[in-house]
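Participant: Structure of the sequence below:
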Amino acid sequence: MPRTLGRLLFIAVAVHTLIDDGALALKLRLADMLTPADLRGLPVSGGDAAAGDITVRQLLTHRSGLPDYFSESPTNDGTPTVLQVLKDEPNRAWTRAEVLDYTRDHFDPAGAPGERFLYSDVNYELLGLVIEAVTDERFADVVRDRVIVPLGLTSTWYHHFHEPPSGLALDDVWIDDVKVGGAPCLSVDGAGGGLATTSGDLRTVVRALVDGEPLALATLAADTTRDAIIGGIDYGRGLWTVRPGGIFFAMGSLPELQGASGATGSFAYYVARHDVITGTFNQTGYASGISNSCSPRPCLLSTARSNQSLRGVLPRAVSSPSKS
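Facilitator: Here you go, the predicted structure:
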């Protein structure tokens with residue numbers, strides 16, 4: 001069963017294909033593409049005028065000045081965070097308008113456009129709107145037609161917009177200790193994620209990008225903010241670059257990784273001269289060690305079925321890849 005959710009990478013790839021076709025440009029502003037109602041009240045320093053000046057480049061690189069509704073940081077008025085609402089109300093369905101309104105109502109600006117880096121799903125929700133504005137199609141259909149189908153991804157779909165491929169269904173997903181796999185609350189993740197896939201399909205995507213299809217991996221690494229995520233993890237136009245030596249000096253001899261990670265612990269990284277490592281925990285609490293509630297398969301990686309096991313993140317496994 002598909003086990004990973006997330007993947008802003010797919011939106012970034014679709015946006016760049018539209019740029020290559022001339023339908024978009026990195027310098028285009030939101031005011032050039034969206035309506036005043038779309039922009040009104042978005043929490044960015046400078047108000048609605050500044051929101052209109054946010055560019056496609058700034059959305060891709062998370063330098064828009066917009067906050068992240070999916071963050072665990074407190075809201076500005078004591079209202080529960082979105083993650084807490086998802087746990088408290090797993091049967092509540094969300095629309096994109098409701099997600100953006102929640103952001104408007106309960107979060108302060110992160111800054112002015114271009115001022116600083118802040119990883120925010122709001123940026124990619126807005127890119128979904130941009131895609132729809134320039135194509136007159138649902139963003140999910142555009143990603144399917146420009147990325148999923150051309151790359152032959154047979155186990156990948158937007159779970160809130162498309163029916164799953166025959167014989168496939170979402171596996172368990174956990175928000176801390178609450179199981180939400182298949183719950184309506186997962187509709188909160190639209191263009192900011194919302195993709196169901198397998199480690200095998202993720203491996204196919206990253207390998208294709210390494211080979212330049214539908215665009216070069218280096219394109220997604222452009223406009224890098226160094227140490228964006230944490231020290232040693234940079235961010236470009238949808239791509240993470242992990243420099244082990246920047247995380248801890250003793251890991252300086254380990255190879256660099258390029259790819260992406262998701263909120264539920266999904267990951268897909270290319271290791272030069274080796275191969276692609278993919279997997280997932282299907283658990284938002286993976287980073288803090290919350291795993292006791294993943295019964296009966298504690299934080300099981302999808303790689304255990306279709307690629308490599310957890311050992312795949314260690315150098316000894318990376319050095320002996322399988323490209324079968």
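Participant: which residues sit in contact with H106?
Facilitator: Contacts for H106 were tallied using Cβ atoms under 8 Å, 6 or more residues apart in numbering; they are 75-77, 79. For every residue, glycine as well, the C-beta is placed using N, CA and C.
Participant: That one and A93, how far apart?
Facilitator: Spatial separation of H106 from A93 under the definition Cβ to Cβ, to the nearest Å is 19 Å.
Participant: quick one: the helices in the stretch 51-200 of the chain?
Facilitator: With helices called from DSSP state H, counting those that start in this stretch, the stretch 51-200 of the chain shows them at 56-60, 82-88, 96-106, 121-135, 139-143, 199-210.
Participant: okay, and for the protein, where does confidence drop off?
Facilitator: Counting by pLDDT under 70, the chain contains low-confidence ranges at 1-7, 285-324.
Participant: Need the outlier residue of it, farthest from its centre.
Facilitator: A250 (29.2 Å; Cα atoms, centre = their mean).
Participant: Just confirm that residue is within a strand.
Facilitator: No: with DSSP: H, G, I helix; E, B strand; the rest coil as the criterion, A250 is assigned helix and is not in a strand.
Participant: and it, how far is that from I229?
Facilitator: 20 Å.
Participant: related to what we said a few turns ago, export the contacts of H106 as TSV, with columns for neighbour count and distance to G167.
Facilitator: Compiled in TSV, the contacts of H106 are given as follows (neighbours: other Cβ atoms under 10 Å; distance: Cβ to Cβ, whole Å):
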residue	neighbour count	distance to G167
T75	19	41
N76	13	45
D77	9	46
T79	14	41
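Participant: how about the strands in the protein?
Facilitator: Assigned by DSSP state E, the chain shows strands spanning 4-6, 157-158, 174-175, 178-179, 195-197, 225-230, 233-235, 240-242, 257-261, 267-271, 276-279.
Participant: of the ones you listed, which approaches A218 most closely?
Facilitator: Taking Cβ to Cβ as the criterion, A218 comes closest to strand 257-261 out of the strands of the chain, the separation being 8.9 Å.
Participant: ok, the closest residue to L42 other than its chain neighbours - how many residues close by?
Facilitator: Spatial nearest neighbour of L42, excluding adjacent residues (Cβ to Cβ, 6 or more residues apart in numbering): A51 at 4.3 Å. In terms of burial, A51 registers 27 neighbours under the definition other Cβ atoms under 10 Å.
Participant: Wait, A51 touches P36, no?
Facilitator: No: with the criterion set as Cβ atoms under 8 Å, A51 and P36 do not qualify as a contacting pair; they are 9.7 Å apart.
Participant: Which segments of the protein make up each domain?
Facilitator: 4-188, 213-318 (automatic domain parsing).
Participant: and those as CSV, adding distance to L202?
Facilitator: Converted to CSV, the domains of the chain look like this (distance: least, Cβ to Cβ, whole Å):
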stretch, distance to L202
domain 4-188, 7
domain 213-318, 4
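Participant: To V206, which of these lies closest?
Facilitator: Closest approach to V206 among these (Cβ to Cβ): domain 213-318, 4.6 Å.
Participant: Quick check, V130 in contact with D32.
Facilitator: No: shown here, V130 and D32 do not form a contact pair, counting by Cβ under 8 Å, at 9.6 Å.
Participant: neighbour count winner among the two?
Facilitator: More neighbours surround V130 than the other of V130 and D32, with 25 against 15 (other Cβ under 10 Å).
Participant: number of nearby residues for the residue lying closest to the more buried one once chain neighbours are set aside?
Facilitator: In space, V130 comes closest to M33 once its chain neighbours are excluded; the distance is 5.4 Å by Cβ to Cβ, 6+ apart. Burial measure for M33: 18 neighbouring residues, criterion other Cβ under 10 Å.
Participant: ok, M33 to Y235 distance?
Facilitator: For M33, the distance to Y235 equals 23 Å [Cβ to Cβ].
Participant: what residues are up against the residue nearest to V130?
Facilitator: The neighbourhood of M33, defined by Cβ under 8 Å, 6+ apart, consists of 130, 133-134.
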